[in-house]
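Trainee: can't give you the sequence, but here's the structure:
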């Protein structure tokens, strides 16, 4: 009998060790190495033995790359104009965020004009049917399969020849030739490669749901994100009704595009103007609340930033940032202390990007600083004002990109003035629609918009 060999594979980063070690030297995670049996029948190195040759770039006709519309125009925008035939798409997100709901809505809409196969490896067919009934989906032409054996799935798909294939999820299926359990690094890698070949050879648009680990990253090997054509992250707080779909990789369109949905009783509904979600319901201005214009892909969103500054009962004051870059908030606090003259050594500070939205854009710096100063001085900011600008370490306000798009969004939502870095090239037509306040230093912006801050 031949000797059975094994290897130890890290389930976090894919590092391979010939023997067990407690801590992975690649990602420094503890107890993440799992033993996997090395099988000679493994098909990692198998390639398709077919005739192939080089093609002239000028002879390739890109008009043959068809775009297929989904059930929603915002989703199509994230995809770069719609689904591309034969592409492989990975949809990832936290448990319960709505991945299966989105996939089922997409499958039901596409099945009206295309042959769609929906493979569930985690649920029974009755569970999928119950979700479809709750979402008021017809599902008349939608093919359902409850199976987690990849060989059986591929066999049935090659027989039915659908135009779309949905796998829910990639971590729940397994390849029978591998000795490791489903969801392991080797299983996810091999299954993804098999599905890639199936999609490209048969021109089947394939969507896969993917799990995330405790750090919020896509579970499995990093190579999974390299294999697929498009990576979509489904984000949002469980305690909020809205969800954000973000493209972090797209071979057929732009990255960092977003679509905002609201989770309702009958499924996900598009929010055409997400700025209203992230703005306060309170119409009266209050100390510690300002508005900023942030850019996500091709969208400009007006969001509210709130700050709370209060006395501390601890030796070291607390610093909390929700939805913002924590280190950048600390940097802004240091700038206010050194360049403006505040002393926050005896104050706890909480800064929040309202609505559960997350953004690390430097253009939010000025709004964060103004919120902190407003709350510290107990001063109400000038009403209907937007703050845009990156704050440098010397206290200067630096220019940011797409400034005119930010101003246009502010005008559309009824804001009367906007504070921006000096030297920006703004068209005269925009200057006539909104009061533009240019500031070189953060101290200039404070004095221009906080009526009682003249003594600083």
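Mentor: That came through fine. Worth saying up front: this structure is predicted, and the values here are computed from it rather than measured.
Trainee: start and end of stretch 251-264, how far apart?
Mentor: The straight-line separation of the ends of stretch 251-264 (CA to CA, to the nearest Å) is 31 Å.
Trainee: swap in stretch 116-130?
Mentor: Stretch 116-130 has its terminal residues 19 Å apart, counting by CA to CA.
Trainee: for that stretch, buried residues please.
Mentor: Neighbour counts over stretch 116-130 (16 or more other CB atoms under 10 Å) mark 116-122, 128 as buried. Backbone N, C-alpha and C define where each C-beta goes, glycine included.
Trainee: roughly how far does residue 409 sit from residue 119?
Mentor: Taking CB to CB, to the nearest Å as the measure, residue 409 falls 41 Å from residue 119.
Trainee: any idea how far stretch 204-215 is from the middle of the chain?
Mentor: Averaging C-alpha positions (CA atoms, centre = their mean, to the nearest Å) puts stretch 204-215 13 Å from its chain's average.
Trainee: kindly apply the preceding question to stretch 149-167 instead.
Mentor: Offset of stretch 149-167 from its chain centre (CA atoms, centre = their mean): 28 Å.
Trainee: got it, and stretch 295-308?
Mentor: Distance, stretch centre to chain centre, for stretch 295-308: 15 Å (CA atoms, centre = their mean).
Trainee: now that stretch: mean pLDDT?
Mentor: Here stretch 295-308 scores 89 as its mean pLDDT.
Trainee: likewise stretch 410-417?
Mentor: Stretch 410-417 comes out at a mean pLDDT of 89.
Trainee: which stretches of the stretch 351-456 of the chain have low pLDDT?
Mentor: Within the stretch 351-456 of the chain, the stretches with pLDDT under 70 are 451-456.
Trainee: how about the strands in it?
Mentor: For the stretch 351-456 of the chain, the strands defined by DSSP state E, counting those that start in this stretch occupy 385-387, 390-391, 397-398, 417-421, 435-439.
Trainee: I'd like the ones you listed as CSV, with distance to residue 347 appended.
Mentor: Formatted as CSV, the strands of the stretch 351-456 of the chain follow (distance: least, CB to CB, whole Å):
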stretch, distance to residue 347
strand 385-387, 21
strand 390-391, 19
strand 397-398, 24
strand 417-421, 24
strand 435-439, 25
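Trainee: pick the most buried one from those.
Mentor: The highest mean neighbour count among the strands of the stretch 351-456 of the chain, using mean count of other CB atoms under 10 Å, belongs to strand 385-387: a mean of 25.
Trainee: which other helices and strands contact that one?
Mentor: Where contact means 3 or more CB pairs under 8 Å, 6 or more residues apart in numbering; DSSP states H and E, strand 385-387 is packed against strand 289-296, helix 365-377, strand 417-421, helix 442-449.
Trainee: go with 6 Å
Mentor: Secondary-structure packing of strand 385-387 (3 or more CB pairs under 6 Å, 6 or more residues apart in numbering; DSSP states H and E): strand 289-296, helix 365-377, strand 417-421.
Trainee: per-residue pLDDT of residue 93, please?
Mentor: Residue 93 is given a pLDDT of 89.
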